[in-house]
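Peer 1: Sequence and predicted structure below; questions after.
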Amino acid sequence: MSETANNAKSLSIIVTKGTLDWAYPPFILATTAAAMGLNVTMFFTFYGLPLLLKKLDLQLSTLGNPAMKMPMMGMHMTMPNAVSMIPGVDAAATKMMKNLTKKKGVASIEELREAAVDSGVRMIACQMTLDLFEYSLDDMIEGPELGGAATYMETATNSDINLFI
């Protein structure tokens, strides 16, 4: 590691959620920080761990998300929680979100994840979560290392910025 990299500011992010809408913040922040010269570590645990799977099938859930307002028909429509119980609503909301991000030129999660790997973001897959949900590193993209809470704590105590997403 170069002298500049050793003296760079650092960011650690705990990634705990794996829905389409919750996948964006950690990858956008990680890639932006890496582009700004920060050393970035992402620790994927519990429901955030599937974001490292080779094949992503991200969905959006409208349930319990009262802030979700989608631009439709010239206004911002809120999706009532009761609507979430109707079969197919989450699939429709997912399709709408993917169409909206594409229309607005927002990178996909796959593209952001690839950018993170290309930028040298350190990705740690939580060993306990792998065991709990019966995944292996073979199920994951190339690059993540295995680690546990102690690995993350060592990183976090040496980081300038720590985020829980």
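Peer 2: Nice, thanks for sending it over.
Peer 1: Please count neighbours and contacts with C-alpha atoms only from this point.
Peer 2: Will do.
Peer 1: What is the burial count for residue 46?
Peer 2: 17 (other C-alpha atoms under 10 Å).
Peer 1: which ones are touching it?
Peer 2: Applying C-alpha atoms under 8 Å, 6 or more residues apart in numbering, we find residue 46 in contact with 16-17, 126, 129.
Peer 1: Repeat the analysis, applying 6 Å as the threshold.
Peer 2: Residue 46 is in contact with 16, 129, counting by C-alpha atoms under 6 Å, 6 or more residues apart in numbering.
Peer 1: That one and residue 10: what is the separation?
Peer 2: With distances taken as C-alpha to C-alpha, to the nearest Å, residue 46 is found 23 Å from residue 10.
Peer 1: where do the strands sit along this structure?
Peer 2: Ranges of strands within the chain are 10-15, 39-44, 69-72, 75-78, 122-126, 145-147, 161-164, based on DSSP state E.
Peer 1: and those strands as CSV, adding distance to residue 94, mean neighbour count and mean pLDDT?
Peer 2: Putting those into CSV (distance: least, C-alpha to C-alpha, whole Å; neighbours: other C-alpha atoms under 10 Å; pLDDT from 0 to 100) gives the following:
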stretch, distance to residue 94, mean neighbour count, mean pLDDT
strand 10-15, 20, 23, 98
strand 39-44, 22, 26, 98
strand 69-72, 11, 13, 68
strand 75-78, 15, 12, 71
strand 122-126, 26, 22, 98
strand 145-147, 30, 15, 96
strand 161-164, 24, 14, 96
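Peer 1: In JSON lines, list those strands along with distance to residue 100.
Peer 2: Below are those laid out as JSON lines (distance: least, C-alpha to C-alpha, whole Å):
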{"stretch": "strand 10-15", "distance to residue 100": "24"}
{"stretch": "strand 39-44", "distance to residue 100": "26"}
{"stretch": "strand 69-72", "distance to residue 100": "9"}
{"stretch": "strand 75-78", "distance to residue 100": "13"}
{"stretch": "strand 122-126", "distance to residue 100": "28"}
{"stretch": "strand 145-147", "distance to residue 100": "33"}
{"stretch": "strand 161-164", "distance to residue 100": "26"}
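Peer 1: Of the ones you listed, which is nearest residue 54?
Peer 2: Residue 54 lies closest, by C-alpha to C-alpha, to one member of the strands of the chain: strand 122-126, at 13.2 Å.
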